[in-house]
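K.L.:
Make a model of this:
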Amino acid sequence: DDTSLSTALGPNRSARAASAAGIRSCFTRVLFEAVDMPVTGVEVMPIGLAEFYLSRGVSRNASAAISAAALDRKPRQALAAWNAYWTLDNPSRLQAGHYTKTETARQAGVDVALFERRAWWGALSQYRFLLIPMGSRIQCVKMIES
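P.N.:
Numbering: from 1, shown residues only. Next up is the predicted model:
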């Protein structure tokens with residue numbers, strides 16, 4: 001469950017501040033994954049590559065693409081790719097989908113594509129930017145992958 005910080009620490013600003021102060025009294029550093037608002041003393045917990053997306057024969061392709069990555073080897077501008085694993089129709093994805101059909105997106109070099117999981121890393125390595133609409137959580141592994 002990816003409970004947001006605003007929900008986890010209390011219903012209002014003072015309750016969240018009190019909860020955070022209590023937690024900080026026990027720990028030198030407080031990290032939280034689903035930071036959806038600033039709370040003094042709470043930092044965003046960095047996430048890494050997700051095992052789920054690297055399993056089933058993908059890790060070698062990922063390793064090769066990451067090792068060879070360089071801006072001068074990225075001939076394409078921007079990739080819009082989502083719903084390969086999780087089909088969501090949240091407002092962010094709907095807005096991003098509308099954007100990709102505009103002349104502005106075309107002029108910016110935005111390509112819309114879905115890739116078979118083993119082809120993902122090689123394809124991603126060709127792009128300078130990745131358009132990442134909100135997924136099912138506040139943080140998304142695509143941010144790390146890009």
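K.L.:
how about the closest residue to Ala84 other than its chain neighbours, what does it touch?
P.N.:
Of all residues not flanking Ala84 in the chain, Leu114 sits nearest, at 5.3 Å (C-beta to C-beta, 6 or more residues apart in numbering). The C-beta positions use only the backbone N, C-alpha and C, and glycine is treated the same way. Taking C-beta atoms under 8 Å, 6 or more residues apart in numbering, we find Leu114 in contact with 81, 83-84.
K.L.:
And the residue sitting furthest away from the middle of the chain, its phi and psi?
P.N.:
Seen from the C-alpha centroid of the chain, the residue lying at the greatest distance (C-alpha atoms, centre = their mean) is Ser25, 30.8 Å away. Main-chain torsions, Ser25, degrees, to the nearest 10: phi -70, psi -20.
K.L.:
now swap in Arg16 and tell me
P.N.:
Taking degrees, to the nearest 10, you get phi -70, psi -40 for the backbone angles of Arg16.
K.L.:
Could you identify the buried members of the contacts of Leu114?
P.N.:
Buried subset of the contacts of Leu114 (neighbour count, 16 or more other C-beta atoms under 10 Å): Ala81.
K.L.:
Now flag whichever of the contacts of Leu114 is closest to Tyr99.
P.N.:
For Tyr99, the nearest member of these is Ala81. The distance, counting by C-beta to C-beta, is 13.7 Å.
K.L.:
Cool, thanks, talk later.
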